[in-house]
Each structure stands twice: as structure tokens, then as C-alpha cells.
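>>> Need coordinates for the following:
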Amino acid sequence: MSYPQEPLPPTAVTSAFARRTAVVTGAAGFIGSHLCERLLDLGAEVIGVDNLLTGRLDNLSGLRSAGGFRFQTDDVTQPFGVVGPVDFVFHLASPASPLDYARHPLATLKVGAMGTLNALELAEAKRARFLLASTSEVYGDPLVHPQPERYWGNVNPVGPRSVYDEAKRYAEALTSCFQRSGGTRTRIVRIFNTYGPRMRADDGRAVPAFIRQALAGEPITVAGDGSQTRSLCFVADTVEGLLAAAAADHTDPVNLGNPHEITMLRLAEEIRALVGSSSAITFVPLPADDPKRRCPDIASARAHLDWEPTTHLRDGLRRTLDWAEKHFPHQATATPGRSTS
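Coordinates of the predicted model:
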């Protein structure tokens, strides 16, 4: 197997991964499992690595028996290896929802620091291209809107969200260091809010929480007054962005997200209408350091990756709801009829 030593242009994304081997850390997670599936579709051999702290083997149920996929139950905060040549290392391992990194603060810091170091050393040893899945949380509660990659952020280093924010900021620094000093070919993507099938009903993020509550006929709980915004990108679009970033000749950080904002109150109303639920919308206190607005500037992704999201929010929510109706616990009597508009 040959190693991809030359830059791979964005137009080569669909063929860049055929007959290549990719390691995906955090493979049993929400985005990681979709990435593994897409890589297999493109003809890659995939080695999934996960310690199952927040990931679920059910997310990989359709892949574990498929040809071309291997799974290793490894904790990437400890040195780990894989057998054979590797062309790409996608480092997605990390608790990603506020509830998860509140439950596992030290694990979140360790995977951002030691986990990133071990994944980079694997890429260095295998002469593989490395992609870090960073996050819009590196911008904190932003004072610049929308957020371009050149913005350095407004992060509280000792707040309740800092274990995730600072872990990812450190991971970016470490990745950049390997790029500059060791010659490892690295990519950094900052993922904005992503949603879709395989999100856990109990992970605390808005889309699965609102869907679960609407399906159960429970009050839909919106933080603050609901005026805070997010920019929601369907998981299939995010995965295409990850692949484009891994294949492209662009080493600076790049935002991946949907540039269209929606308030949390409007999102709750949209989901309630799609479900056909009569759930009341109620308001709860805003969490500490919760960003008031979040929206990516994706000019760099458009220019360097030839990428932008294509899934309309209503279509993505409908596909997510179709999955959730089969996998989330709910009371069917609470959903008198779904909207198809």
C-alpha cells in the first residue's frame, strides 16, 4: 500500500480513500460512527478505536461484520498501536456533550492532551496524514460574529466548560507543533453544532433533548429565554467536510458548520411541529458560560475544501426524527400526528 505523500485536491475526495487505511478514534461515537461508515463506502479499510466511555457499540452494529472494518477497544490516553500500514488518522475521541464532559472532566482533559499526543505519535510512526476534530468551543462565548478561524476566542479557562474548551485548544496547539517541528501532515477542523441519527437521547444537547421530550409529550425545556442561537449542521454534511479537509492541501484550522443561525426557541418550535406534539415549551436557567451566539464563517471551507453544507434543517430534523422514533424511549400516545410540511 502506498502512502499519500502528495497533496490531494478537493476534487479527489471521492477517490482519495479507496484502498487506503484509516484509523478513527472515537469510532463508536455519534460523528465517528458515521465517518467510519462513509470511509467504508469510499473503499477504505477502517480501524475503529474507542474505549466506549461515551460511545456505543450499537452505533457500529452494521459495520462490525462488514469486510474492511476492524474494531479495537483501546483507551487512547494510553499509548496504543495498530497492525499494518495506515494512511489517515482521524482523531475524534472525546466526550462532546456538556453533560458528558461534566460527568467525565478528567477523562475529557486527558483525551484532549494525552489522547491527542498518542494519536499524533501513531500518525508520525505510520507516516500518515492526521486530522484533529476540534470544536467551535475553542471560540468560547464569542465577541466576534460570525466566527472566522483567525478569531482567538473568549474562553473562561476555569469555568465549568473549560475542561472541554481548553482540552481542544491544547489539542490544536499540540497538532500545530507536530506540523511545524516534526513534519507530520496535519489538519485541524473546528466542528460547529452537528446533529443527526445516532445522537443519544440523554446526551443533553438540544436536538435529541427536544425530540425526546416532544415524542414523550413532556415539556420541552429551553435554556434562558431561548434567544441564544446555534448553527446546526447535519451529520452527513459534517462527515463530508472531514473527508474534504483530510484530502485537501490546507493546513490551517478550518470551520465546519452551517452558516445559518436558529434560536433555541425556534428550534424547539420546529421540532414540536415536526413531531406533531402538544408539548408545552418551558424555560430553565441558562448554563454558566453558555454562548449567546454561535455561527461559523465558512469562507475558508468553501475556498480551500470546496465544501459547504447542503442539507436543509427541516430535512435533517425529519431524518433525525425518523431514526429517533425507532430508538428513543417515548410514549406513542403523546404524538398525535407528524407534520409533513
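
>>> show me the contacts for residue 112.
Residues near residue 112 by Cβ atoms under 8 Å, 6 or more residues apart in numbering: 94, 164, 166, 167, 168, 170, 171. Just so you know, the C-beta spots here come from the backbone N, C-alpha and C atoms, and that holds for glycine as well.

>>> Tell me the one among the residues you listed nearest to residue 69.
Minimum distance to residue 69 across the contacts of residue 112 is 21.5 Å, recorded for residue 94 (Cβ to Cβ).

>>> So that closest one, which state does it fall into?
What DSSP: H, G, I helix; E, B strand; the rest coil gives for residue 94 is coil.

>>> Now do the helices in the stretch 51-200 of the chain.
98-103, 105-110, 116-126, 162-177 (DSSP state H, counting those that start in this stretch).

>>> so what's residue 160 closest to, chain neighbours aside?
Leaving aside its sequence neighbours, residue 160 sits nearest to residue 288 (Cβ to Cβ, 6 or more residues apart in numbering; 5.3 Å).

>>> I'd guessed the one you found sits against residue 158; true?
No: counting by Cβ atoms under 8 Å, residue 288 does not reach residue 158; the two are 11.1 Å apart.

>>> the more surrounded of the two?
The neighbour comparison of residue 288 against residue 158 (other Cβ atoms under 10 Å) goes to residue 288, with 9 against 6.

>>> Report the separation between the more buried one and residue 280.
26 Å (Cβ to Cβ, to the nearest Å).

>>> Kindly report the same for residue 297.
Counting by Cβ to Cβ, the gap from residue 297 to residue 280 is 36 Å.

>>> higher neighbour count, those two?
residue 297 (18 against 12).

>>> Verify the stated contact: the more buried one with residue 139.
No: taking Cβ under 8 Å as the definition, residue 297 is not a contact partner of residue 139, at 10.6 Å.

>>> any low-confidence regions in this structure?
Flagging of the chain using pLDDT under 70 yields the residue ranges 1-12, 14, 330-341.

>>> quick check: domain ranges of it?
As assigned by automatic domain parsing, the chain contains the domains 10-195+232-256, 206-229+260-291+311-334.

>>> As a check, name the ranges of all strands in this protein.
Counting by DSSP state E, the chain has strands at residues 21-25, 45-49, 69-72, 88-91, 129-135, 186-191, 194-195, 220-223, 229-230, 233-234, 254-256, 262-263, 281-284.
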